[in-house]
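1. Kindly return the folded structure for what I paste below:
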Amino acid sequence: MFLDAITKKGYQSISFIGMAKNVGKTTAFNYLLKECFQNDYPIGIASLGRDGEKKDLIFACDKPRIWIERGTIAAVAMETIIQNNFPLEILEDTGYSSSLGQIYITKAKGSGYVEIATTPSSRKMRHIIKLMKAYGARLIIVDGALDRVSSSAPEVTDCTILATGASLHPSMEQVIRRTTARVQQLTLPTIKHNMSFLNINEVIESSQSPLIIGQEGLVVTMGKESLSYEKQLFSFLNKQKINYVYINGAVVDGLLKFFISNKWSLQNTTLIIKNGSNILVDHLTWEKYLKYHGNISVTKPINLIALTCNSTSHKGDTFPPEEFAKRLSESIGDTTVVDVAMNIKERVKVQNNLKLGCI
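-> Sure thing, here's the model as predicted:
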């Protein structure tokens, strides 16, 4: 299921990210591992957090273990190498360290459960992925950490799978709303410029700073402090209309609320960001922004290949599995929804009426 979608697109790396803890991210991760082992597909594994431990350190509940087969390439810390119940051959020192010790590229000399704790740094993860490919891994599978969607960025992995579930909120309606908002953010369209005298893509690619691009082609570099964006935008609006605003860092509440408050002045302005993983706002702000502006694009899109859903919560809350998967699919549109535990797969093509991208 997952492996087929990955190989058809030629992807060589994938990240798993979650809406919250205990939403089934590691279960989905293990599902893909099993598919790869059954098809003798050489893989490498890594984590932006800590995965594979027996107990959840926060909620003190049992966690899914990570089982790997002989020959798997794994980026692990020294503590894992020492304590593992089967040999891990050290192939290379990455030069990075973690709370569990120095991180090494290893090769499994047996089969069994393993704990992976690599690095929380996206920059370091890019290098580690490159190293694992050099040792023969055709697909690198990265388990993202709680609330860390940076591993889904196209600069880190080729594609991603998002996990959601009943542990996010006791209300199914709330889970669907919050998950839909995240999916919308992760699947934003790429920029389509419409200024005949200015190549927007070239302007953005040549800049290391946030930009304001006026109606007459005037390009102004903004300061990098996100808290001052609104003041700089307001000052520019007093001079001429704004065609584009490019933000190369985090997109926070204040910026989107500025677009909401100035919806009439900015109705023809396109907000351009690097990718959806940079959006750090709650679903309520996002929903309001889409209603009053919503003209937003990305320079590099995230390839979200599936949404997995877990209808049970570690707290005991349970949603009807088929209803949950179906309603999620109807809400998010053209993205496959999978419940790997219940063997449910949904994909409903719906008309997207959101005003996303350049007009």
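2. Torsion angles phi and psi at residue 190?
-> Dihedral pair for residue 190: phi -80, psi 160, per degrees, to the nearest 10.
3. With residue 104 instead?
-> Dihedral pair for residue 104: phi -120, psi 150, per degrees, to the nearest 10.
4. burial measure for it, as a count.
-> 23 (other C-beta atoms under 10 Å). All C-beta atoms are positioned from the backbone trio N, CA, C, and that covers glycine.
5. now swap in residue 267 and tell me
-> If you count neighbours by other C-beta under 10 Å, residue 267 ends up with 13.
6. Contacts only, for it.
-> 293, 295 (C-beta atoms under 8 Å, 6 or more residues apart in numbering).
7. For this structure, which strand extends over the most residues?
-> Ranked by residue count and defined by DSSP state E, the top strand of the chain is strand 88-98.
8. mind listing what it pairs with, with the direction of each?
-> Partners of strand 88-98 in the sheet, by DSSP bridges, are strand 101-108 (antiparallel).
9. Can you give me the buried ones in the strand it pairs with?
-> Of the residues in strand 101-108, 102-108 count as buried by neighbour count, 16 or more other C-beta atoms under 10 Å.
10. Where does pLDDT dip in the protein?
-> Low-confidence segments of the chain (pLDDT under 70): 49-62, 145-148, 193-197, 225-227, 348-359.
11. what does the domain assignment say about it?
-> For the chain, automatic domain parsing gives the domain ranges 2-187+302-346, 200-298.
12. most packed of those?
-> Among these, domain 2-187+302-346 has the highest mean neighbour count (mean count of other C-beta atoms under 10 Å), at a mean of 19.
13. Compute the first-to-last residue distance for it.
-> 14 Å (C-alpha to C-alpha, to the nearest Å).
14. go on, stretch 113-127?
-> Using C-alpha to C-alpha, the end-to-end distance of stretch 113-127 comes out at 25 Å.
15. got it, and stretch 72-86?
-> Stretch 72-86 has an end-to-end distance of 12 Å (C-alpha to C-alpha).
16. Contact partners for residue 25?
-> Counting by C-beta under 8 Å, 6+ apart, residue 25 makes contact with 16-18, 143-144, 163, 308.
17. so how far is residue 262 from it?
-> Using C-beta to C-beta, to the nearest Å, one obtains 38 Å as the distance from residue 25 to residue 262.
18. Quick one: list the elements packing against the helix or strand harbouring residue 140.
-> Per DSSP states H and E: residue 140 is located in strand 139-143. On a contact count with 3 or more C-beta pairs under 8 Å, 6 or more residues apart in numbering; DSSP states H and E, strand 139-143 meets strand 13-18, helix 25-38, strand 43-47, helix 122-134.
19. Same list (the ones you listed) but as TSV, adding distance to residue 80.
-> Putting the helices and strands packed on strand 139-143 into TSV (distance: least, C-beta to C-beta, whole Å) gives the following:
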stretch	distance to residue 80
strand 13-18	19
helix 25-38	16
strand 43-47	11
helix 122-134	14
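20. Which of these sits closest to residue 7?
-> helix 25-38 (10.1 Å; C-beta to C-beta).
21. Let me know the angle separating the closest one from strand 13-18.
-> With axes from the mean of the first three to the mean of the last three C-alpha atoms, to 10 degrees as the basis, helix 25-38 and strand 13-18 are set at 150 degrees to each other.
22. okay, helix 25-38 in CSV with CA atoms only?
-> C-alpha atoms of helix 25-38 as CSV (Å, rounded to 0.1, in the frame of the first residue of the first chain):
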residue,chain,number,x,y,z
LYS,A,25,2.5,7.1,13.9
THR,A,26,4.8,4.3,14.9
THR,A,27,2.2,1.7,13.9
ALA,A,28,2.1,3.2,10.4
PHE,A,29,5.9,3.4,10.5
ASN,A,30,6.0,-0.3,11.3
TYR,A,31,3.5,-1.1,8.5
LEU,A,32,5.8,0.4,5.9
LEU,A,33,8.8,-1.5,7.4
LYS,A,34,6.9,-4.7,7.1
GLU,A,35,6.0,-4.0,3.4
CYS,A,36,9.7,-3.3,2.7
PHE,A,37,10.9,-6.5,4.4
GLN,A,38,8.3,-8.6,2.5
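23. Off-centre distance for it?
-> How far helix 25-38 lies from its chain's middle: 18 Å, per C-alpha atoms, centre = their mean, to the nearest Å.
24. Please confirm that residue 157 is located within a strand.
-> No: with DSSP: H, G, I helix; E, B strand; the rest coil as the criterion, residue 157 is assigned coil and is not in a strand.
25. ok, now how distant is it from residue 141?
-> 9 Å.
26. Are there residues contacting both of the two? Which ones?
-> In contact with both residue 157 and residue 141: 13-14, using C-beta under 8 Å, 6+ apart.
27. thinking again about what came up before, export the contacts of residue 25 to CSV and tack on distance to residue 94?
-> Listed next are the contacts of residue 25 as CSV, based on distance: C-beta to C-beta, whole Å:
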residue, distance to residue 94
16, 21
17, 22
18, 25
143, 17
144, 18
163, 27
308, 29
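28. Pick the one among these closest to residue 276.
-> Among the contacts of residue 25, residue 17 lies closest to residue 276 (C-beta to C-beta), at 11.0 Å.
29. Identify the residues contacting the closest one.
-> Residue 17 sits in contact with 25, 144, 148-149, 151-152, 160-163, where contact means C-beta under 8 Å, 6+ apart.
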